[in-house]
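Asks: Predicted model, plus sequence, below.
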Amino acid sequence: MRNTSLEGKDIALITVLQEHFKGDVNLARVKLISLFITALCKVKTINYDRLACGFDAKVNKSSSYRRIQRFMADFDLPMKLVSTLLFSLLPEKTDLSLVLDRTNWKFGSKNINILMLGVSYKNVAFPLMFLMLDKRGNSHTKERIELIRKYIDWFGRDTINCLLADREFVGEKWLEFLNDYRIGYHIRIRNNFMVYSHQKQKEIPAFWLFKNLKMNEFYHYPKIVRLHGQDCYLSGSKTINREGKMEFLIIVSFNKPEQAMVSYKKRWQVETLFRALKSSGFNIEDTHVTDLERLERLFLLTLIAFVWCYKIGDFIDEKIKKIKIKKHGRRSVSVFKYGLDYLSR
């Protein structure tokens, strides 16, 4: 692995960033971004004061602190520039499973709410783009559509295999948009949603189609139904939730309902991403930044750091030293954490 110190002449991170940002970000800014990312991997928190302590630079901490502040306040870092960088680092760029989800936290009286779009890759959602939502609660259909349209504009509709999302992401205009664009999807719905059965010629609760299943048995209903005025397929199973109670897991799909359950399971990979950005990695919730434009720049740099750690962890796992597998069959540490721990050392 190459030296991560900025005193070195051949630095992988600077080389990658400079090549991608050529003509948009000058070398001084590229070096600052690299300083920021390496410091973030060392101190594992987004707190400016601690980041400044971690800067591998000859200037004192207060100077580094002011450089971070000025960058976040003044520098225009377009999301497209970062998103296309992250996309370029994906090993596969076609037949992608997109994952849509939202995360939030609260700083004082300010609600920080982020709508994230990533790509399912191995055991994690590879982050690509997001929207900062200046409100509490769920995203609106307009916001979701805006995010997907940006993805299509930047990377193309033909790169998408399907979209995965949880129960928050269902609505008439939203499903209509996905159907019109012929974007495959597997989205969980609430058990009590009413669907129109063409076979029965009436509306019924969605769970009725799956109430006779055995526990953990999966079934895709072979007939098209109408949900929120849109033709679609339903799949489902009986499961036990975290409280130990029986519930139905029902998925609405544009097509390929027989693949719904296998595909939908990948949605959980976005939770791994959020944990890495928060408590098990960069502690994004430590930030005192509440201005959305500055927070967006901060978050973009954090996503670059995440992908850098993941790529390095993946490389070490495949080429140098495999991650230990525990008796229950899971890795002893995530690929991201493997890379982060290597860099922090």
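Replies: Looks like it arrived, so ask away.
Asks: So what touches stretch 302-313?
Replies: Contact with stretch 302-313 is made by 1, 13, 17, 33, 37, 40-41, 46, 82, 85-86, 89, 124, 126-127, 273, 276-277, 281-282, 284, 334-340, 342-343, as judged by Cβ atoms under 8 Å, 6 or more residues apart in numbering. In this view, the C-beta of every residue, glycine as well, is placed from N, C-alpha and C.
Asks: Actually, stretch 218-238.
Replies: With contact meaning Cβ under 8 Å, 6+ apart, stretch 218-238 is reached by 170-172, 175-176, 179, 186, 189, 193, 195-199, 206-207, 209-210, 213-217, 246-255, 257-258, 260-261.
Asks: Buried only: go through the residues you listed for me.
Replies: Buried residues within these, counting neighbours by 16 or more other Cβ atoms under 10 Å: 170, 175, 186, 189, 193, 195-197, 206-207, 209-210, 248-254, 257, 260-261.
Asks: Among the residues you listed, which lie within helices?
Replies: 175, 260, 261 (DSSP state H).
Asks: pLDDT added to those, as a markdown table?
Replies: Below are these laid out as a markdown table (pLDDT from 0 to 100):
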| residue | pLDDT |
| --- | --- |
| 175 | 94 |
| 260 | 93 |
| 261 | 92 |
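Asks: one step back: any quick ChimeraX command for the buried ones out of the contacts of stretch 302-313?
Replies: Buried subset of the contacts of stretch 302-313, written as a ChimeraX selection, criterion 16+ other Cβ under 10 Å:
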select :13,17,33,37,40,41,46,82,85,86,124,126,127,273,276,277,281,282,284,334,335,336,337,338,339,340,342,343
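Asks: which residues of the protein fall in helices?
Replies: 12-21, 27-43, 48-54, 61-74, 79-88, 141-155, 172-180, 260-264, 269-277, 292-315, 335-344.
Asks: Of these, which is nearest residue 134?
Replies: Residue 134 lies closest to helix 292-315 among the helices of the chain, at 5.9 Å (Cβ to Cβ).
Asks: mind listing what's buried in that closest one?
Replies: Residues 294-314 are the ones in helix 292-315 that count as buried (16+ other Cβ under 10 Å).
Asks: May I ask you to confirm that residue 132 is in contact with residue 291?
Replies: No. When contacts are counted by Cβ atoms under 8 Å, residue 132 is not listed as touching residue 291 (10.0 Å).
Asks: low-confidence ranges in the stretch 1-150 of the chain?
Replies: Scanning the stretch 1-150 of the chain for pLDDT under 70 picks out 1-10, 107-109.
Asks: What lies in contact with stretch 143-150?
Replies: The contact list for stretch 143-150 (Cβ under 8 Å, 6+ apart) reads 80, 100, 115, 117, 129-131, 133, 163, 169, 173-174, 177-178, 181, 183.
Asks: again, 7 Å this time
Replies: Applying Cβ atoms under 7 Å, 6 or more residues apart in numbering, the contact partners of stretch 143-150 are 100, 115, 117, 129, 131, 133, 169, 174, 177.
Asks: Quick check: the gap between the third one and residue 249.
Replies: Spelled out, it's residue 117. 23 Å (Cβ to Cβ, to the nearest Å).
Asks: Check the fourth one too.
Replies: Counting by Cβ to Cβ, the gap between residue 129 and residue 249 amounts to 28 Å.
Asks: Over to the first one?
Replies: Residue 100 sits 18 Å away from residue 249 when distances are taken as Cβ to Cβ.
Asks: For the closest residue in space to residue 91 that isn't next to it in sequence, list each beta-bridge partner.
Replies: Spatially, and ignoring its direct neighbours in sequence, residue 91 is nearest to residue 121 (7.6 Å; Cβ to Cβ, 6 or more residues apart in numbering). Here residue 121 sits in beta bridges with residue 124, going by DSSP bridges.
Asks: Need the phi and psi values for residue 192.
Replies: Note on residue 192: backbone dihedrals following degrees, to the nearest 10 are phi -90, psi 10.
Asks: ok, it - how many residues close by?
Replies: 10 (other Cβ atoms under 10 Å).
Asks: thought it was touching residue 205?
Replies: Yes. Counting by Cβ atoms under 7 Å, residue 192 touches residue 205, with 5.5 Å between them.
Asks: Quick check: neighbours shared by the two?
Replies: Taking Cβ under 7 Å, 6+ apart as the contact criterion, no residue touches both residue 192 and residue 205.
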